[in-house]
Every structure is written in structure tokens, then in C-alpha cells.
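1. here is the input, now give the coordinates:
(one chain, ligands or ions: 1)
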Amino acid sequence: MPSKKALIRRPSPRLAEGLVTHVERAAVDVDLALEQWEAYGEALRANGWETVEIDPADDCPDSVFVEDTVVMYRNVALIARSGAESRRAETAGVEEAVARLGCSVNWIWEPGTLDGGDVLKDGDTVYVGRGGRTNAAGVQQVREAFEPLGARVVAVPVSRVLHLKSAVTALPDGTVIGHIPKVDRPALFPRFLSVPEEAGGHVVLLGGPRLLISASAPKTTDLLADLGYEPVVVDISEFEKLEGCVTCLSVRLRGLYA
Ligand SMILES: NC(=O)NCCC[C@H](N)C(=O)O
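-> This next block holds a predicted model:
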């Protein structure tokens, strides 16, 4: 049986010091963030995902945003090398965790930079955002790592938001969704559906018609329900103040056999 495991990482007590790039800094309530993180993990578990906690990295304010540290393709874990130097120490614990789970481990090397939030997979299509955190060498290294395994890597310019997945994600049928003002080149995607809110562009596929979505996208939630999906809503307001999205708080491992 393919695994349904999801990596998560407990927020650092220094969460409020996390990076902000495209938004104004707003005070983060760390206790509320912890409650929201617990509820996020519970939503994954309630939908059939076994959550695996990576050892916390208390000195790294952004360590809860585990999606940025590693990209999975089949059984290969590609360890990222963030374009933000302050985030690079996060990967050590992640590397240990994925190796323990039996993944093959590969790495983005200098001069490449890559944040996992810039990688959107739809089947064997791997979109890679070239933006503030991921450079051209990083994109090329994703090609080298995954194309021999059967992936088709599509490079996508990203200038309006932090990561590619801050702009777009994909529905189970491959339709890419995003809030148009935040998407550089919607025409790059074969099927694109515009959604009414920025946070509505972010969904995590939970299995079948179920989609994890932020409470800050109520109109998109209604739109997706009207299209026959089953939205599972979580409040992640404290992480959104730091430019986090529903995708960034977990990494799903689907290519492993357990
Ligand atoms: N994949 C994501 O959406 N990651 C969010 C990272 C937010 C963090 N404050 C950062 O700037 O790196």
C-alpha cells in the first residue's frame, strides 16, 4: 500500500521573528499559532494521513514551514537550499527524518537555491517557480534530479508573491487555481481556474474530493464546493501573517511503500 504520511514540524518559540517579504510585519500570537498548528495536524489525521513530526528546530523561526525544506518525487527526497540564508539550518533535521522513512536523499547544491514552496507537482509534471527564493541553477538541478525518474519540469516566473505555491496550486484533476493578480503567467498552465481570493489559490489535496483550504478564502471555498469538491477548512491566520499558506505546513509522502 502506498503510504499516506505527512511530515510536520512544531512551531519554534521564535516563530514571531519569521521572515516577511511581500507583506507588512504584523504581531504573531505564538500560543494561537500553536493551537492552529495542532488543529492543522488533526485535520490531516482525520482525513487518513499519518503525521510524522520532524524534530523541532527551536532556533529557526520559520522551521514550521516544512514544505520549503524538501521536495518529494516518487521515493526521492530532494533537500532544498533556501534562497533565504537564515532558513538553511532547517534542513539537517529534515534530512534525518526522510532518510529514516526510507527515502533516497538528493540535494540542491551551491550555487543553486530552491525553496520547496516553489515546486508544484501535478502527476509527472513538476512546475518550478523561478523567483525570490529559487534561482536558475536551482531550477536546472530539479530537472537533473527528477527528469531521469520520468518528470517533466516546467519553469515558471514568479515575481508577485514569495513562492510559486503562494500563487497557484492544482486541483485533483490537474486544473491549476490561483488569484489572477498574483499569478505572473497563467497561460503557462494548460487548464487555469481563477479564484476570488489570494488564499483561495492554496489547497492541499487530502484524497478523493477533499481539499484543505484556509479560512481566509470563504468565497473560493464555496466555489470549490459548488464544483463538487469537499473543502476542509483550517484557520492558519498566524502563519499567514508570515506569508505561510496551507501547503507550507506539511510535506505529503505518497511514493513510499510502508
Ligand atoms: N511554502 C511556503 O509558503 N512557505 C512560507 C514561508 C514563510 C516564511 N516566513 C519565509 O519567508 O520563508
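2. quick check: the residue of the protein nearest the ligand.
-> Nearest residue of the chain to the ligand, counting by CB to the nearest ligand atom: residue 117, 2.5 Å away. Where you see a C-beta, it was placed from the backbone N, CA and C, and this is true even at glycine.
3. neighbours of that residue, how many?
-> Applying other CB atoms under 10 Å, we find 29 other residues in the vicinity of residue 117.
4. ok, now residue 216?
-> Applying other CB under 10 Å, we find 19 other residues in the vicinity of residue 216.
5. does it sit in a helix, a strand or a coil?
-> coil (DSSP: H, G, I helix; E, B strand; the rest coil).
6. for the residue located most distally from the centre of the chain, what are phi and psi?
-> What lies farthest from the middle of the chain is residue 226; by CA atoms, centre = their mean that is 24.9 Å. For residue 226, the backbone dihedrals are phi -70, psi -20 (criterion: degrees, to the nearest 10).
7. ok, it - contacts?
-> Residue 226 makes no contacts at all, as judged by CB atoms under 8 Å, 6 or more residues apart in numbering.
8. and the pLDDT for the spatially closest residue to residue 249 that is not a sequence neighbour?
-> What sits nearest to residue 249 in space, not counting adjacent residues and going by CB to CB, 6 or more residues apart in numbering, is residue 40, at 5.5 Å. Looking at residue 40, its pLDDT stands at 98.
9. got it, and residue 257?
-> Confidence score, pLDDT, at residue 257: 60.
10. quickly find the element holding the residue nearest to residue 249.
-> helix 30-46 (DSSP states H and E).
11. now do that helix: which elements does it pack against?
-> strand 5-8, strand 50-53, strand 230-234, helix 237-240 (3 or more CB pairs under 8 Å, 6 or more residues apart in numbering; DSSP states H and E).
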